[in-house]
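Asks: Have a look at this fold, sequence not included:
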């Protein structure tokens, strides 16, 4: 790779283009057993040394399924150093929690 840091890239999905396909843990684990899928991840500089932990890292909302947006943004964030996975996972989960708190605050302020 050329050393370009793509970790800050967020891939928004326009509402009209939203894909409501969710990827289960079982499907993702099957993908990880596919040598071609793993090769693509490696070529994209995604650390696969602990590939069976990837689902937990990518499942930002901890819902047990990956949305297309979670998958794309998570894999983009995982490009680079080995230790980046834990940091990206925490960052994405914190962002999700903040969004949930903001929505709760908005609902509470409308009801008050």
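Replies: Now that the structure is in, tell me what you want to look at. Everything numeric in this text was worked out from a predicted model, so none of it was measured. Numbers count the residues shown, from 1 in each chain.
Asks: all contacts plus neighbour counts: C-alpha atoms, from now on.
Replies: Will do.
Asks: residue ranges for the helices of the protein, please.
Replies: 25-32, 35-43, 54-58, 68-77, 84-111 (DSSP state H).
Asks: residue ranges with poor pLDDT in the protein?
Replies: 1-19, 81-84, 112 (pLDDT under 70).
Asks: which residues does the spatially most central residue of it contact?
Replies: The residue lying closest to the centre of the chain (CA atoms, centre = their mean) is residue 74, at 2.6 Å. Shown in contact with residue 74 (CA atoms under 8 Å, 6 or more residues apart in numbering): 57-58, 88-89, 92.
Asks: Residue 46 versus that one, what's the distance?
Replies: Residue 74 is 10 Å from residue 46, where distance means CA to CA, to the nearest Å.
Asks: ok, now residue 70?
Replies: Taking CA to CA, one finds residue 70 at 15 Å from residue 46.
Asks: swap in residue 33?
Replies: Distance, residue 33 to residue 46, by CA to CA: 16 Å.
Asks: Same check on residue 72?
Replies: Counting by CA to CA, the gap from residue 72 to residue 46 is 12 Å.
Asks: So for the two, which residue has more residues nearby?
Replies: residue 46 (23 against 16; other CA atoms under 10 Å).
Asks: Is the more buried one in contact with residue 54, as I believe?
Replies: No: contact criterion CA atoms under 8 Å: residue 46 and residue 54 do not qualify, at 9.9 Å.
Asks: thinking again about what came up before, can you redo the contacts of residue 74 as JSON lines, where the extra columns are distance to residue 23 and neighbour count?
Replies: Output for these, formatted as JSON lines (distance: CA to CA, whole Å; neighbours: other CA atoms under 10 Å):
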{"residue": "57", "distance to residue 23": "14", "neighbour count": "22"}
{"residue": "58", "distance to residue 23": "11", "neighbour count": "26"}
{"residue": "88", "distance to residue 23": "20", "neighbour count": "23"}
{"residue": "89", "distance to residue 23": "17", "neighbour count": "20"}
{"residue": "92", "distance to residue 23": "18", "neighbour count": "20"}
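Asks: Kindly reformat those as JSON lines containing distance to residue 100.
Replies: Formatted as JSON lines, these follow (distance: CA to CA, whole Å):
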{"residue": "57", "distance to residue 100": "19"}
{"residue": "58", "distance to residue 100": "18"}
{"residue": "88", "distance to residue 100": "18"}
{"residue": "89", "distance to residue 100": "17"}
{"residue": "92", "distance to residue 100": "12"}
